[in-house]
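In: from the sequence below, what's the structure:
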Amino acid sequence: MIKKDEYISEAEWQRFLAFSQELETPCIVVNLRTIKKNYIKLQNSFPFAAIYYAVKANPANEVISLVNQLGGNFDIASRYELDQVLALGISPDRISYGNTIKKAKDIAYFYEKGVRMFATDSKEDLKNIAKYAPGSRIYVRILVENSATADWPLSRKFGCHPDMAYDLLVQSRDSGLTPYGISFHVGSQQRDIGQWNDAIAKTKYLFTALEEEENIRLSMINMGGGFPASYVQPTNDLSEYASEITRYLHDDFGDNVPQIILEPGRSLVGDSGILVSEVVLISRKNNTALYRWVYLDTGKFNGLIETLGESIKYPVLTEKDDPSAKEGEVILAGPTCDSMDIIYEDFKYKLPLDLKIGDRVYVLSAGAYTASYASVCFNGFPPLKTYFMD
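Out: Below is the predicted model:
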């Protein structure tokens, strides 16, 4: 049984219930107080770092405006995110174009709007930056293997081998760009803190080699995201991440630690959201089946795409949760006419035996990569609506 008090205080739970009881399902309720608390905790844990919020995690204007008020910067993935952030009055010098996969015309668009910091991991992309964003600061993303220990790995599509990163930074200097730094991402919801140690060691090698052999002195490390939200699988507290990562930095760089950038997404906004759903149907596949199938009005195409491969295991509660209630294992599935729309089948959740059609089911820690991932109209279902609690 999921213990609610491990994820949310009773006072906040009651405030959420009062706020959400009349809302039509499915929807997400985001608590802005939680985001503020998480931001301050991250800032205090890494006082030497600049925070660049990964807008893709939750691109709502309310979230972006809050991060802006708190003094944060922004990691942007597309010209559409750029337009949204600029429209909120945010200065382009607080924006990084962190997507390594981009069109030449989008590079030119970012440059025209005033952005001067670009990520890259390939020769052709770097050529486009040199042509359409002359003089800009460049940071190169390196490959980091993290598929075994991150719940949502990011190790194959992005980044390049350190040897290529070396060449790209030399090429950036020779192309009139400013070689600025190295970036990496150890994987989203990374539970092995040691992954940062390996990545920082690779970064130190590049800093040293480029300075000694090419007289290129880098000044920044972008450590990406990876810090956890509160899902079913346990993680260390952020304070332990901060303590160990700070030690790794000083082990490699001594007292001359470069400028550090963090790009949190999940760790800032994940715990802030509760997805409110409703039971559509409960059935068994035969008369003696051990498991009930519980179909919700939300699923992989309605905000829970990160349950693909059962990677992210959200805490799930129902309105009938009671410590003394009898429970049984279930298979959770979504409402669409697609056989892939099964949320959890191998990892068995236990839900009350007296659960009925129409009962509400609450998916906790659903503030990141849910509404922004939901389909526009698959099977005609509209995108998830998001509501905000101050």
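In: hey, let's count contacts and neighbours off CA atoms from now on
Out: OK.
In: near Leu169, how many other residues are there?
Out: 28 (other C-alpha atoms under 10 Å).
In: I'd say it and Ile142 touch.
Out: No: Leu169 lies out of contact with Ile142 (C-alpha atoms under 8 Å); the separation is 11.6 Å.
In: list the buried residues of stretch 128-144.
Out: 128-144 (16 or more other C-alpha atoms under 10 Å).
In: residues of whichever strand or helix holds Glu240 that come out buried?
Out: Assigned by DSSP states H and E, Glu240 belongs to helix 238-253. By 16+ other C-alpha under 10 Å, the buried positions in helix 238-253 come out as 238, 241-242, 245-246, 248-249, 252-253.
In: low-confidence ranges in the stretch 1-150 of the chain?
Out: Residue ranges of the stretch 1-150 of the chain with pLDDT under 70: 1, 146-150.
In: try 80 this time
Out: 1, 145-150 (pLDDT under 80).
In: what are the ranges of the strands in it?
Out: 27-31, 49-54, 73-76, 95-97, 117-120, 137-141, 150-152 (DSSP state E, counting those that start in this stretch).
In: now the stretch 151-300 of the chain
Out: 178-183, 188-190, 220-222, 259-262, 273-283, 292-296.
In: can you lay out those strands as TSV showing distance to Ser375, mean neighbour count and mean pLDDT?
Out: Shown next, in TSV, are the strands of the stretch 151-300 of the chain (distance: least, C-alpha to C-alpha, whole Å; neighbours: other C-alpha atoms under 10 Å; pLDDT from 0 to 100):
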stretch	distance to Ser375	mean neighbour count	mean pLDDT
strand 178-183	31	24	98
strand 188-190	22	24	87
strand 220-222	31	23	98
strand 259-262	29	20	98
strand 273-283	15	21	98
strand 292-296	16	22	97
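In: which of those strands sits closest to Gly71?
Out: Gly71 lies closest, by C-alpha to C-alpha, to one member of these: strand 259-262, at 13.6 Å.
In: the longest helix belonging to the chain: how far from the chain's middle?
Out: Using DSSP state H, we find that the single longest helix of the chain is helix 194-214. On the basis of C-alpha atoms, centre = their mean, to the nearest Å, helix 194-214 is displaced by 25 Å from the centre of the chain it belongs to.
In: helices or strands up against that helix?
Out: With contacts taken as 3 or more C-alpha pairs under 8 Å, 6 or more residues apart in numbering; DSSP states H and E, helix 194-214 sits against helix 162-174, helix 238-253.
In: a markdown table please, covering those helices and showing distance to Ala60.
Out: Below are the helices and strands packed on helix 194-214 laid out as a markdown table (distance: least, C-alpha to C-alpha, whole Å):
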| stretch | distance to Ala60 |
| --- | --- |
| helix 162-174 | 34 |
| helix 238-253 | 25 |
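In: now render the ones you listed as JSON lines, adding mean pLDDT and distance to Arg94.
Out: Shown next, in JSON lines, are those (pLDDT from 0 to 100; distance: least, C-alpha to C-alpha, whole Å):
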{"stretch": "helix 162-174", "mean pLDDT": "98", "distance to Arg94": "22"}
{"stretch": "helix 238-253", "mean pLDDT": "97", "distance to Arg94": "23"}
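In: surely Val279 and Tyr362 touch.
Out: No: under the criterion of C-alpha under 8 Å, Val279 is not in contact with Tyr362, lying 10.4 Å apart.
In: sorry, back to before: quick one: which of the buried residues of helix 238-253 is nearest Leu275?
Out: Closest approach to Leu275 among these (C-alpha to C-alpha): Leu238, at 24.0 Å.
In: residues touching the closest one, list them.
Out: Neighbour list for Leu238: 42, 45, 227-228 [criterion: C-alpha atoms under 8 Å, 6 or more residues apart in numbering].
In: what about it, distance to Val269?
Out: 14 Å (C-alpha to C-alpha, to the nearest Å).
In: burial of Tyr97, as a residue count?
Out: Counted with other C-alpha under 10 Å, Tyr97 comes out at 23.
In: I'd say Arg360 and Val279 touch.
Out: Yes: if you go by C-alpha under 8 Å, Arg360 and Val279 touch, sitting 6.3 Å apart.
In: which of the strands of the stretch 1-150 of the chain is buried the deepest?
Out: Looking across those with neighbours counted as mean count of other C-alpha atoms under 10 Å, the highest average goes to strand 137-141: a mean of 27.
In: that one pairs with which strands, parallel or anti?
Out: strand 117-120 (parallel), strand 178-183 (parallel) (DSSP bridges).
In: would TSV of those strands with distance to Ile261 be doable?
Out: Shown next, in TSV, are the strands paired with strand 137-141 (distance: least, C-alpha to C-alpha, whole Å):
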stretch	distance to Ile261
strand 117-120	12
strand 178-183	9
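In: quick one: which of those is nearest Pro323?
Out: Ranking these by proximity to Pro323 (C-alpha to C-alpha) places strand 178-183 first, at 46.1 Å.
In: what's in contact with that closest one?
Out: Residues contacting strand 178-183 (C-alpha under 8 Å, 6+ apart): 135-142, 169-170, 172-173, 203, 216-224.
In: now do the contacts for Leu353.
Out: Counting by C-alpha under 8 Å, 6+ apart, Leu353 has contacts 325-328.
In: ignore what I typed, I meant Cys27.
Out: So, once contact is read as C-alpha under 8 Å, 6+ apart, Cys27 ends up touching 275-277, 384-387.
In: and what of Pro92?
Out: Contacts of Pro92 by C-alpha under 8 Å, 6+ apart are 86, 113-116.
In: ditto for Glu244
Out: Ile193.
In: between the contacts of Cys27, which is nearest Ala54?
Out: Thr386 (18.3 Å).
In: sweet, I'm off.
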